[in-house]
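**Q** From the sequence below, what's the structure:
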Amino acid sequence: MVSWFDRSVGSIRSVAISPDGQIIASGGTSAGDNGVSNPPIKLWNTSTGEEIRILTGHTASVNAIAFSPTAKIIASGGEDNTIRIWNYQTGELIQTLEPQSLVNSLVFSPHAKILVSGTDDSKIRIWGRPC
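**A** Alright, predicted model coming up:
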């Protein structure tokens, strides 16, 4: 084991590493002080283990994360039946897609013009380049 990041809140259900190897993204579950779920996506510096940024917006567990191989975007999906597209350098939410089912997996095509999702309704959805 090279390193171990243990500063996340809740369980970690998904991880991804940026194409340049500089950032790790983790997603999972969490509940705030009032019991309201606001699961974060946390971005970590791979060299230092320091938390870079937190992305919030999902209302249920984050089950899948994927970095675009060509752009500074990340896709996240989960149990709130949404896929969210973020600029991971600024933290800006760019777009929300609604597959109408729990999202279990995400992957960008090598040229990043397609995002593919796997969902709980046993469907594979192919999305044109988000954003």
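
**Q** Buried residues of the one helix or strand Ser76 maps to, list them for me.
**A** Under DSSP states H and E, the secondary-structure element containing Ser76 is strand 73-78. Neighbour-count burial for strand 73-78, counted by 16 or more other CB atoms under 10 Å, picks out Ile73, Ile74, Ala75, Ser76, Gly77, Gly78. Heads up, the C-betas are built off the backbone N, CA and C, glycines and all.

**Q** Distance to Ile17 and pLDDT added to these, as JSON lines?
**A** Rendered in JSON lines, the data for the buried residues of strand 73-78 read as follows (distance: CB to CB, whole Å; pLDDT from 0 to 100):
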{"residue": "Ile73", "distance to Ile17": "15", "pLDDT": "95"}
{"residue": "Ile74", "distance to Ile17": "11", "pLDDT": "97"}
{"residue": "Ala75", "distance to Ile17": "14", "pLDDT": "97"}
{"residue": "Ser76", "distance to Ile17": "14", "pLDDT": "97"}
{"residue": "Gly77", "distance to Ile17": "17", "pLDDT": "97"}
{"residue": "Gly78", "distance to Ile17": "19", "pLDDT": "93"}
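
**Q** I'd like the distance between Ile54 and Pro69.
**A** In this structure, Ile54 and Pro69 are 23 Å apart, going by CB to CB, to the nearest Å.

**Q** Thanks again, I'm all set now.
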